[in-house]
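> Here is a sequence together with a model predicted from it:
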Amino acid sequence: MPMHFDGDDPSGLANPLKSACGNFEPRPLCRGRVSGLPRVKVDLPFIKVAPAPVRLAALTLLWLVGLTGCQPVRWTQSDSSTGMPLASPKGAAVQSPTPMASASTAAFAETTTAALQFKKSLPIKAEAGRTFIGELKLTARRSLTNLVVRDAIPVGAAWQRSEPPAVMEGNELVWQVDALRTGESLNFKTWFEANTNLVPRAAATVTAQPKVSAGLIVGSAGLALDASGPETAPLNADLTYHIQVRNTGSETVRGVMIRQAAPAGTNFSNEVNETTLDAGDLDPGQSKSFTTQLKAVQRGTICATTTAQSLNAPELNAEVCSTIIDPRLQVQGAGAKEQVVGRNVDYEITVTNVGDTPLTNVVISSVAPEEGFIVAAPGAVITGNQAAWTVAMLRPRGRVTKTIKLTSKNAGVSCATVTARAGTVTDATRLCTLWKGIPALTFELSDMPDPIQVGESTTYRIVLINQGSGELHNFKVQAVFDDLMLPISSPQGTINGQHVTFPTIALIKAQQSVTFTISVKGAMVGTSHNRVEVICDEIKAPILREESTTIY
């Protein structure tokens with residue numbers, strides 16, 4: 001049956017056993033009861049056939065070998081507060097006379113104290129001329145500071161490099177660590193070259209000091225002030241400013257007050273020079289917004305300053321500058337002041353930029369009066385009784401001229417409205433003309449009934465008609481009857497013997513009429529001839545009409 005023992009072979013006793021027993025080959029199994037020490041499994045087939053005394057001697061020899069190779073791990077420990085070594089794991093290994101083909105499973109040793117857990121591992125064996133790796137791992141069980149880690153270079157090995165980099169002091173590699181918090185771990189890796197066939201052996205130590213930390217929250221009160229306003233604004237316009245104050249710190253800002261002064265050339269609506277806004281207390285991250293208005297009463301550049309003050313934060317200032325411009329348009333027009341109805345009038349429209357800033361997309365429009373209409377407007381878009389022109393750019397003191405032809409169908413004064421507009425900038429004028437009509441007076445004179453007997457009555461009817469396009473003013477009408485007729489009555493006129501006169505008519509408009517009546521009676525048999533005379537301001541010579549009535 002196969003036999004087992006724990007330990008290694010520092011004394012070389014296994015070799016005589018191999019010589020005496022024939023084919024004897026130890027095999028490392030890494031099953032040691034103490035971490036870092038290998039368990040060696042040895043098969044001895046000759047024991048099955050050897051005599052009892054020989055078997056007893058062999059077993060005794062194996063027992064002695066196990067006692068020699070299985071040495072316990074010893075640790076050096078101290079409390080971290082003294083700065084003395086906390087842990088010093090020492091993994092033991094011995095020379096093997098038989099060269100190893102490669103490193104086998106790592107051997108390790110570890111220790112744990114109240115302050116630190118420390119583990120060191122090396123390969124069980126290394127081959128001469130080959131590289132092997134040693135590892136250290138530290139885990140803090142409480143906060144430590146000023147850690148110094150020392151790792152001895154194994155005898156018969158040459159140091160190549162470390163991660164993290166180490167400093168070599170004599171035959172030791174040294175790492176210094178400022179602090180290690182509870183639960184944090186550090187890993188150190190070292191590459192060595194084996195100079196001889198060896199079982200690596202090295203010790204490592206750690207010194208540290210306990211660390212006690214206390215913390216407090218350091219708060220600060222901070223303000224941020226933002227102010228914005230228009231870049232440009234027209235003269236006499238309201239300037240709107242948006243103000244925001246916010247707490248950018250970690251403490252409450254107390255008693256925040258905002259002040260804004262009115263610069264020269266502006267004033268607040270209540271005509272004061274400064275306004276004050278109470279923002280109160282601001283918690284961290286809190287903000288408050290305000291709006292103010294100034295009226296610009298002067299051209300040029302004005303700068304409004306806003307100040308934020310508090311009880312526990314530095315004062316802040318924000319300045320917003322605006323350019324106050326005076327964009328203006330001027331519209332002028334010229335044309336005939338009088339014209340006969342039905343004829344045309346040519347108007348010239350001039351638009352001038354009298355402001356101090358260029359104006360774009362200037363729209364010029366002319367609206368004809370209701371009693372007129374547009375005959376022509378070169379370059380314009382005509383829609384109904386409106387003509388419109390668009391000027392892409394009109395620079396300061398620049399001007400543009402347009403023409404429009406209008407007519408009117410009625411007499412009297414009529415006006416076309418002309419407007420120029422560029423955004424909110426506008427100006428307008430009116431082009432007025434007295435349209436004169438041609439007066440054309442006619443009147444009708446009739447009697448009904450006709451003929452009549454002596455003593456019977458008939459009615460003379462006078463109708464005045466203005467058939468022209470102009471007004472007629474100050475009409476005077478008079479009727480004269482012969483001796484065969486006798487005027488009896490008239491609702492509008494006055495009878496004086498054979499004459500009937502009417503009051504002056506101040507106005508008869510174009511296409512209007514006025515009617516008078518006279519009741520007369522036949523006085524004698526015969527044909528009576530009677531006439532009516534009409535005069536007015538526009539018709540200097542009297543207009544006469546006669547009417548005859550037969551009396552039997």
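That came through fine.

> Hmm, residue 407 and residue 344 touching each other?
Yes - in this structure residue 344 lies within contact range of residue 407 using CB atoms under 8 Å: 4.8 Å. Quick note: C-beta positions are derived from backbone N, CA and C, even for glycine.

> shared neighbours, those two?
residue 375 (CB atoms under 8 Å, 6 or more residues apart in numbering).

> Pick out whichever of the two has more residues nearby.
Here residue 344 and residue 407 are compared on neighbour count by other CB atoms under 10 Å; more neighbours surround residue 407, at 18 against 13.

> Report the beta-bridge partners for that one.
When bridges are assigned using DSSP bridges, the partners listed for residue 407 are residue 344, residue 373.

> again with residue 187
Checking residue 187 by DSSP bridges, which sets the bridge assignment, gives partners residue 137.

> any idea how far residue 463 is from it?
128 Å (CB to CB, to the nearest Å).

> Then residue 443?
Distance of residue 443 to residue 463, given as CB to CB: 6 Å.

> can you check residue 250 too?
Using CB to CB, one gets 101 Å for the distance from residue 250 to residue 463.

> if you count what's nearby, which of residue 443 and residue 463 comes out ahead?
Neighbours of residue 443 and residue 463, each counted by other CB under 10 Å, are more numerous for residue 443; the result is 19 against 14.

> you'd agree that one is in a strand?
Yes - with DSSP: H, G, I helix; E, B strand; the rest coil as the criterion, residue 443 is located in a strand.

> which residues does it contact?
Residue 443 is in contact with 462-465, 532, 534, 543, 545, counting by CB under 8 Å, 6+ apart.

> Can you flag the buried ones in the residues you listed?
Those of those that meet the buried threshold are 462, 464-465, 532, 534, 545, by 16 or more other CB atoms under 10 Å.

> Of those, which pair is most distant in space?
Across the buried ones among the contacts of residue 443, the two members that end up farthest from each other (CB to CB) are 465 and 532, 13.5 Å apart.

> so residue 340 bridges to which residues?
In this structure, residue 340 has the following beta-bridge partners (DSSP bridges): residue 436.

> Over to residue 357: give its phi and psi.
phi -140, psi 150 (degrees, to the nearest 10).

> Tell me the bridge partners for the closest residue in space to it that isn't next to it in sequence.
Across the structure, with CB to CB, 6 or more residues apart in numbering as the measure, the residue nearest residue 357 apart from its sequence neighbours is residue 325 (4.6 Å). For residue 325, the beta-bridge assignment (DSSP bridges) gives partners residue 234.

> Around residue 325, count how many other residues there are.
In terms of burial, residue 325 registers 18 neighbours under the definition other CB under 10 Å.

> repeat for the one 5 residues further on
As a burial measure, residue 330 scores 14 neighbours (other CB under 10 Å).

> The helix or strand where it lies pairs with which strands, parallel or anti?
Using DSSP states H and E, residue 330 sits in strand 329-334. Each strand that strand 329-334 pairs with, and the sense of that pairing, follows from DSSP bridges: strand 344-353 (antiparallel).

> Which positions in the partner strand come out as buried?
For strand 344-353, the buried set under the neighbour-count rule, 16+ other CB under 10 Å, comprises 345, 347, 349-353.

> now stretch 327-338
Within stretch 327-338, the residues that count as buried by 16+ other CB under 10 Å are 327-329, 331-333, 335.

> re the thing from before, so the residue nearest to residue 357 is in contact with residue 235, correct?
Yes - assessed by CB under 8 Å, residue 325 is found in contact with residue 235 at 7.0 Å.

> quick one: residue 130 from residue 152, how far?
20 Å.

> Looking at those two, which has the bigger crowd around it?
When residue 130 and residue 152 are compared for neighbours, residue 152 comes out ahead with 17 against 14, by other CB under 10 Å.

> OK, contacts around the more buried one?
Residues touching residue 152, when contacts are defined by CB under 8 Å, 6+ apart, comprise 171-173, 202-204.

> Out of those, which is nearest to residue 400?
The shortest approach to residue 400 among the contacts of residue 152 belongs to residue 173, at 92.0 Å (CB to CB).

> So what sits opposite the spatially most central residue of the chain in the bridge?
Centroid-nearest residue in the chain, with CA atoms, centre = their mean: residue 228, separated by 13.5 Å. Taking DSSP bridges, one obtains residue 242 as the residues bridged to residue 228.

> And the pLDDT for the closest residue to residue 163 other than its chain neighbours?
Sequence neighbours aside, residue 189 is the residue nearest to residue 163 in space, at 4.6 Å (criterion: CB to CB, 6+ apart). What the model reports as pLDDT for residue 189 is 93.

> again, but for residue 100
What the model reports for residue 100 is a pLDDT of 33.

> next one: residue 70
Per-residue confidence for residue 70 comes out at a pLDDT of 36.

> what do you get for residue 248?
According to the prediction, residue 248 has pLDDT 92.

> what do you get for residue 3?
33.

> Wait, residue 522 touches residue 455, no?
Yes - between residue 522 and residue 455 there is a contact at 6.3 Å, judged by CB under 8 Å.

> In terms of neighbours, single out the busier of these two.
When neighbours are counted by other CB under 10 Å, residue 522 and residue 455 differ, and residue 522 comes out ahead with 22 against 10.

> ok, now how distant is the nearest residue to that one once chain neighbours are set aside from residue 455?
Taking CB to CB, 6+ apart as the measure, residue 522 lies nearest to residue 551, with 3.9 Å between them; neighbours along the chain are not counted. Using CB to CB, one obtains 9 Å as the distance from residue 551 to residue 455.

> can you list residues touching both of these two?
Going by CB under 8 Å, 6+ apart, residues that sit against residue 551 and also against residue 455 are residue 522.

> Now do the end-to-end distance for stretch 352-361.
Stretch 352-361 has its terminal residues 14 Å apart, counting by CA to CA, to the nearest Å.

> thinking again about what came up before, any common contacting residues for residue 325 and residue 235?
residue 299.

> show me where the stretch 301-450 of the chain has strands.
Remark: strands assigned in the stretch 301-450 of the chain by DSSP state E, counting those that start in this stretch are 316-325, 329-334, 338-340, 344-353, 359-367, 372-376, 381-383, 386-394, 399-408, 412-422, 425-436, 441-448.

> buried sites along stretch 383-396?
Buried residues in stretch 383-396, defined by neighbour count with 16+ other CB under 10 Å: 386-389, 391, 394.

> Show me where the protein has its helices.
14-21, 52-69 (DSSP state H).

> Mean pLDDT lowest where, among these?
Averaging pLDDT over each of the helices of the chain singles out helix 14-21 as the lowest, with a mean of 37.
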